[in-house]
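**Student:** Requesting a structural model of the entry that follows:
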Amino acid sequence: MRFRTRRRRAPEINLTSLIDVVFLLLIFFMVSTTFDRIGHLKLELPKSDTSAQEEKKPDRISVAVDAQGHYYVNDQELINTDIETLKRALQEIAGGRADVPLVIAADGKAQHQAVVTVMDAASQLGLTHLAFSIKPRTNGE
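**Tutor:** This next block holds a predicted model:
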């Protein structure tokens, strides 16, 4: 009886996964590296007595609705509850930008119509990023 002996192969190192890791590290360092172009130029900028005021773009607009249905846009009360007044206030703050998020904080006892009016005014102005401000419940409530 003759038994076959298996020939053992020499152990191999799989380089595929090692190459993948090296390429991922290379891509990571290429993406995370900052290039400083301004550092190479030495400029002496002219001076001016008047400073140019940059128009500050709002990062968000907050509209609060109290229990009586009065509107507060960025903590300033509007003179009436008309939708046109609300639209003018929102348009003035947004500055024609439609990507400004609108945060609606309504009192729990506010009429549903007042909140719908805020959403309608935002929709008519093209403000599509809406969020509602809430207070999380605690275990005792």
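**Student:** Quick check: the most centrally placed residue in the chain vs I61, distance?
**Tutor:** What sits nearest the mean C-alpha location of the chain, by Cα atoms, centre = their mean, is P101, with 7.9 Å. As judged by Cβ to Cβ, to the nearest Å, P101 and I61 stand 7 Å apart. All C-beta atoms are positioned from the backbone trio N, CA, C, and that covers glycine.
**Student:** got it, and A94?
**Tutor:** Counting by Cβ to Cβ, the gap from A94 to I61 is 6 Å.
**Student:** Now list whatever residues contact both of those two.
**Tutor:** Common neighbours of A94 and I61, counting by Cβ atoms under 8 Å, 6 or more residues apart in numbering, are V100, L127.
**Student:** S62 in helix, strand or coil?
**Tutor:** Using DSSP: H, G, I helix; E, B strand; the rest coil, the structure places S62 in strand.
**Student:** ok, it touching V103?
**Tutor:** Yes: in this structure, S62 is within contact of V103 by Cβ atoms under 8 Å, at 4.7 Å.
**Student:** Verify the contact between R60 and A105 for me.
**Tutor:** No: counting by Cβ under 8 Å, A105 is not a contact partner of R60; they are 11.6 Å apart.
**Student:** Show me which of those two is the more surrounded one.
**Tutor:** Neighbour comparison, R60 and A105: the larger count goes to A105, with 16 against 12 (by other Cβ atoms under 10 Å).
**Student:** Contacts only, for that one.
**Tutor:** Applying Cβ under 8 Å, 6+ apart, the residues contacting A105 are S62, V63, A64, V65, F132, S133.
**Student:** go with 7 Å
**Tutor:** S62, A64, S133 (Cβ atoms under 7 Å, 6 or more residues apart in numbering).
**Student:** go on, I104?
**Tutor:** I104 neighbours (Cβ under 7 Å, 6+ apart): V63, V115, V118, L130, F132, S133.
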